[in-house]
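> Pasting a predicted model and its sequence here:
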Amino acid sequence: MKRSGAAKFPNSVQLFKFCQKVLVTQRGSKVHDQEVGSILGFNPSDCSHWKRGEKNVRSVFALAKLAEALSVETTLIHDVASGQVGLDEAFYEWTESNNIKKTVSSVTEDGSADLVSIRKRVESFTAAILEQVEFTTPPLYVPEVLRFFAFASTQPTDMMDKLSRILRIKPGQYCIQFRKGDLRPQTRMSMVKDLARIIFEGERKRFPELGASDKVALAYEEMVFTASLLAPKQMLLQEMVKLDSRKNVISELAALFWVPKSLVCFQMQDILRSGERTVVRANGPTTEVRGAEVAS
């Protein structure tokens, strides 16, 4: 007899689907249910129960095993298992985390682009935008930013395949459509990435301060813009000194700035690489933080 009704453990259903989707992407081919269950040593019956939400997969050891087998951040697996993120948001965050790594690796290996000057130029451009919107306390409200770009608008809509997308209404006019419902960190990042594509690819001529387009560095520019707009480094460090050091700093900052953890990691890693000095004021005397100090 076919079972009906809601799953007993809906988060486990999402976790199963997420693991399966990651495996399909990694292998580039269909993945059978049992291949997912075999990661945890489940027999066909247990695997079926997990897929239908009749078996709750929440143990620390099981989640760690899934993260290791799939090469996925453990915190992301935990977020799916606890219901903090849905399937689409989790898959987007995993995909973007991989994209960030590939982009940095690609532009670094090419060696033709001056990453330091590119980052400074884009960060300066972004800082001017943040100054216009008077952004002083996170999180950034995306519609406030879009008010300064008359050629771009937003529209909530029913979408199943993406968190957001760009529609070209007419030459020089665009609409960023985003998924209806609660605006998640991943959707906010997707919207700002779309804005970055419009600015750096479609309407670059409007902003001579960005310089000429370089295909090698384009994806890197857009990534820096997205990260610097939603989680500027100076403000990240200002907020970091206020946090309880016993907590997960990346998770706390991601929640505060309302962004995916991968975006915070990208910014913090650049601070570590550059070893730059950043002045931080946390309701008291001025503190100078260096990249090496962030690591400790």
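The structure has been received and is ready for your questions. Numbers count the residues shown, from 1 in each chain.

> which residues touch residue 37?
43, 44, 46, 47, 50, 51 (Cβ atoms under 8 Å, 6 or more residues apart in numbering). In this view, the C-beta of every residue, glycine as well, is placed from N, C-alpha and C.

> now for those residues, which pair is the farthest apart?
Using Cβ to Cβ, the two most remote members of the contacts of residue 37 are 43 and 51, lying 12.9 Å apart.

> Tell me which of those two has more neighbours.
residue 51 (21 against 11; other Cβ atoms under 10 Å).

> Tell me who's in contact with the more buried one.
13, 16, 33, 36, 37.

> Separate out the buried members of those residues.
13, 16, 36, 37 (16 or more other Cβ atoms under 10 Å).

> Turn those into JSON lines, including distance to residue 67 and pLDDT.
As requested, the buried ones among the contacts of residue 51 are arranged in JSON lines below (distance: Cβ to Cβ, whole Å; pLDDT from 0 to 100):
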{"residue": "13", "distance to residue 67": "18", "pLDDT": "95"}
{"residue": "16", "distance to residue 67": "15", "pLDDT": "96"}
{"residue": "36", "distance to residue 67": "14", "pLDDT": "95"}
{"residue": "37", "distance to residue 67": "16", "pLDDT": "95"}
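
> out of those, which one sits closest to residue 112?
Set against residue 112, the nearest of the buried ones among the contacts of residue 51 by Cβ to Cβ is residue 36 (41.8 Å).

> circling back to that earlier point, can you tell me which of the contacts of residue 51 are in helices?
Within these, residues falling in helices by DSSP state H are 13, 16, 33, 36, 37.

> Low-confidence ranges, the stretch 1-150 of the chain, go.
Residue ranges of the stretch 1-150 of the chain with pLDDT under 70: 1-5.

> now the helices for it?
Ranges of helices in the stretch 1-150 of the chain, per DSSP state H, counting those that start in this stretch, are 10-27, 33-37, 44-52, 60-70, 74-82, 87-110, 115-132, 142-146.

> Could you list the buried residues of the third one?
It stands for helix 44-52. 46, 47, 49, 50, 51.

> how close does the spatially closest residue to the second one that is not a sequence neighbour get to residue 93?
With Cβ to Cβ, 6 or more residues apart in numbering as the measure, residue 37 is the residue that lies nearest to residue 47, at 2.8 Å, once sequence neighbours are left out. Taken as Cβ to Cβ, to the nearest Å, the spacing of residue 37 relative to residue 93 amounts to 24 Å.

> and if you look at residue 120?
27 Å.
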